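> Predicted model follows, preceded by the sequence.
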Amino acid sequence: MMTLETATLLQLSIIIPVHNAEQYIERCVDSFIGTFNAFSELILIDDGSTDDTKQRCRAIIERYPDWRIRYVYQANGGVSSARNHGLALAEGQWVYFVDADDFLVNSAQLFEPVVGQSVDWVLFRTKIERAGGTDAAFGLTEDGDY
């Protein structure tokens, strides 16, 4: 089976709308950086942040000079506007949307089964965690993560 490390056809554009996400964005980006050596780009669309989000995004770009990470600022238009802006910029064959306060766990295990496969859509199980424990898991059955 082809792996993420060896896949040359995996052209993944990861689009992350960010709005006042200074405390979350690094964890989110790091959850991809630690696993994905094959994705083509990560696009950070700043939707009118008024905190230090821009500086955090710039620091991420400097910390990972070998990665194709783009930061784009736009006036506040909402998450859908930011995602659409990211789609207009995306160059990958695949697109993955993630919110700035989310992160992936076992991300290689999530994507490896679809590398080299003819699929149009991938859905993952989502777990919502809050201080004090897991509140809910939804998206798929407990038997599968994707």
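Structure's in. What do you need? Model, not experiment: these values are computed from the prediction.

> Show me where this protein has its helices.
Counting by DSSP state H, one finds helices in the chain at the ranges 25-33, 53-63, 79-89, 107-111.

> Okay, buried residues for the first one please.
Just to be clear, that refers to helix 25-33. I25, E26, C28, V29, S31, F32, I33 (16 or more other CB atoms under 10 Å). From N, CA and C alone the C-beta is placed, and that goes for glycine too.

> hang on, the earlier thing: between the helices of the chain, which one is closest to R70.
With respect to R70, and counting by CB to CB, the nearest of the helices of the chain is helix 79-89 at 7.0 Å.

> Which residues does that closest one contact?
13, 15-19, 43, 45, 47, 70, 72, 74, 95, 97, 99 (CB atoms under 8 Å, 6 or more residues apart in numbering).

> Would you mind finding the most buried of the helices of the chain?
The highest mean neighbour count among these, using mean count of other CB atoms under 10 Å, belongs to helix 25-33: a mean of 19.

> so what secondary structure elements neighbour that one?
Secondary-structure packing of helix 25-33 (3 or more CB pairs under 8 Å, 6 or more residues apart in numbering; DSSP states H and E): strand 12-18, strand 41-47, helix 53-63.

> please redo it, this time with the cut-off set to 10 Å
Helix 25-33 sits against strand 12-18, strand 41-47, helix 53-63, strand 69-74, helix 107-111, with contacts defined as 3 or more CB pairs under 10 Å, 6 or more residues apart in numbering; DSSP states H and E.

> what angle do the third one and strand 41-47 make?
So that's helix 53-63. 160 degrees (axes from the mean of the first three to the mean of the last three CA atoms, to 10 degrees).

> picking that back up, how about TSV for the helices and strands packed on helix 25-33, with mean pLDDT and distance to E91 added?
Shown next, in TSV, are the helices and strands packed on helix 25-33 (pLDDT from 0 to 100; distance: least, CB to CB, whole Å):
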stretch	mean pLDDT	distance to E91
strand 12-18	93	6
strand 41-47	96	6
helix 53-63	97	17
strand 69-74	97	10
helix 107-111	63	18
